[in-house]
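*Asks:* Provided below are the primary sequence and the corresponding predicted coordinates.
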Amino acid sequence: MPLDVLIVDDSAAIRKILHRVLVQADVPLGHVYEAGDGVEALARLKEFRVGLILSDINMPNMDGLQLLGALKAQEETKSVPVIMVTTEGGSTKVMEAVNLGAAGYVRKPFTAEQIKEKLAGIL
Amino acid sequence: MITHEDMADMIREASLSVFSMMLGLEFEAGRPFVEEDPPGPSEGVLALIGLAGTWAGSGTFSCSAEMARRISSSLLMTEYESINDEVLDAIGEVTNMILGNVKTALEEKLGPMGLSIPTVVYGRNFTTRSMAKTSWTVVPFRLDGDTLHVHLCLAPSREAKRVSSAGEHGRAFLTLMQ
């Protein structure tokens, strides 16, 4: 069954790279949606459902940890796996993401292989 | 306590990692130096990020327009003939990755820090000014005859200096200023 994915990052460059990596990872992709911050992501998730979310942490308006908290608080989205893809490598941020329910954590810079490995452990 | 040498090491390691993993480009790190004047090429692309915590300051990434197009082409696997929004976004993200990893390394010595969203400037004959009175650690990186620079300027924040005026932060500030 095709997997619909939401990529959340304020950088269009990173959204494009992650989309390319998903294709390279041979994930049976359905629609790939994009959002530039947490507010936009929540708005998009009112329009459609996805099976996976890749999200940055440092973003304007609503950051990735706030988004993660909001997703886990909603019945419709709480079971969707969320992988944080971020430059934030400090143990505090990692623990915060894990405690909020992140399914995985990938630090930028990343290789396509690292993303594939993380996806393999989740999908 | 943190020195220019510490910061140069962090910049070198973070930058080479980003260049290699995200761009597939093997830059050569040049000899780091300390600059009293704020950074600012007379033309090209400059990305700026702020850092804040017990120590605060700014980091910049500056390069020629040609280098910016080359970096963006490598990152996004698309050829760019001119500087456009995608190129500026790509340079902002490269800067974010480099200084984000520098921030993570700094946090091991200085405690939690915040990182601002990058600002990217492109133009000719522009200059930049910083209100900070601290010198800048600069690391050049070379590729095929072109050079880009990563700058970092960091000092104890006012709050930290007030709390530890006779303590380690105070001594570290003096070390940084030497």
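*Replies:* Right, received. Where do you want to start?

*Asks:* Tell me where chain B has helices.
*Replies:* Assigned by DSSP state H, chain B shows helices spanning B:4-18, B:65-76, B:85-110, B:158-163, B:168-177.

*Asks:* Of these, which stretch is the most buried?
*Replies:* Ranked by mean neighbour count under mean count of other C-beta atoms under 10 Å in any protein chain shown, these are led by helix B:85-110, which reaches a mean of 23. Backbone N, C-alpha and C define where each C-beta goes, glycine included.

*Asks:* Just the mean pLDDT for that helix, thanks.
*Replies:* Averaged across helix B:85-110, pLDDT comes to 95.

*Asks:* now stretch B:47-64
*Replies:* What stretch B:47-64 shows for mean pLDDT is 94.

*Asks:* Just want the most central residue of chain A.
*Replies:* Central residue of chain A (C-alpha atoms, centre = their mean): A:L54, 1.4 Å from the mean position.

*Asks:* Give me the buried positions along stretch B:128-140.
*Replies:* B:128, B:130, B:134-139 (16 or more other C-beta atoms under 10 Å in any protein chain shown).

*Asks:* Surely the residue nearest to the centre of chain A and A:V80 touch.
*Replies:* No. Here A:L54 does not reach A:V80: they are 11.2 Å apart, not a contact under C-beta atoms under 8 Å.

*Asks:* ok so, going back, how about the helices of chain B, which one is nearest chain A?
*Replies:* Nearest to chain A among the helices of chain B is helix B:85-110 (2.6 Å), distances taken as C-beta to the nearest C-beta.

*Asks:* chain center to that closest one: distance?
*Replies:* 8 Å (C-alpha atoms, centre = their mean, to the nearest Å).

*Asks:* by how many degrees do that helix and helix B:65-76 diverge?
*Replies:* Taking axes from the mean of the first three to the mean of the last three C-alpha atoms, to 10 degrees, one finds helix B:85-110 and helix B:65-76 inclined to each other by 80 degrees.

*Asks:* Skip the chain neighbours and tell me the closest residue to the residue in chain A that chain B sits nearest to.
*Replies:* Relative to chain B, the nearest point of chain A is A:T87 (2.6 Å; C-beta to the nearest C-beta). Spatial nearest neighbour of A:T87, chain neighbours left out: B:G100 (2.6 Å); criterion: C-beta to C-beta, 6 or more residues apart in numbering or on different chains.

*Asks:* Which positions in the lengthiest helix in chain A come out as buried?
*Replies:* Counting by DSSP H, the longest helix found in chain A is helix A:12-24. Within helix A:12-24, the residues scored as buried using 16+ other C-beta under 10 Å are A:12-19, A:21-22.

*Asks:* when you check chain B, which of those turn up near it?
*Replies:* Taking C-beta under 8 Å from any C-beta of the partner chain as the test, chain B is in contact with A:12-14, A:16-17 out of these.

*Asks:* bridging residues for the spatially closest residue to B:T134 that is not a sequence neighbour?
*Replies:* Nearest non-adjacent residue to B:T134, counting by C-beta to C-beta, 6+ apart: B:A155, 4.3 Å away. Listed beta-bridge partners, B:A155: B:A56 (assigned using DSSP bridges).

*Asks:* Count the neighbours of B:A155 for me.
*Replies:* 20 (other C-beta atoms under 10 Å in any protein chain shown).

*Asks:* Surely it and B:G57 touch.
*Replies:* Yes. Here B:A155 reaches B:G57: they are 6.1 Å apart, a contact under C-beta under 8 Å.

*Asks:* distance between the ends of stretch B:23-36?
*Replies:* 31 Å (C-alpha to C-alpha, to the nearest Å).

*Asks:* does that stretch come close to chain A?
*Replies:* No. Judged by C-beta under 8 Å from any C-beta, stretch B:23-36 stays clear of chain A, getting no closer than 8.9 Å.

*Asks:* what does chain A put close to chain B?
*Replies:* A:10-14, A:16-17, A:20, A:58-60, A:86-90, A:92, A:107-111.

*Asks:* ok so, going back, pretty sure the residue of chain A closest to chain B is touching B:E93, no?
*Replies:* No. Assessed by C-beta under 8 Å, A:T87 is found out of contact with B:E93, at 9.3 Å.

*Asks:* intersection of neighbour lists for these two?
*Replies:* Counting by C-beta atoms under 8 Å, 6 or more residues apart in numbering or on different chains, A:T87 and B:E93 have no common neighbour.

*Asks:* pLDDT averaged over stretch A:14-22 - what is it?
*Replies:* 94.

*Asks:* Kindly report the same for stretch B:146-156.
*Replies:* 94.

*Asks:* So what's the gap between it and the chain middle?
*Replies:* Per C-alpha atoms, centre = their mean, the centroid offset for stretch B:146-156 relative to its chain is 4 Å.
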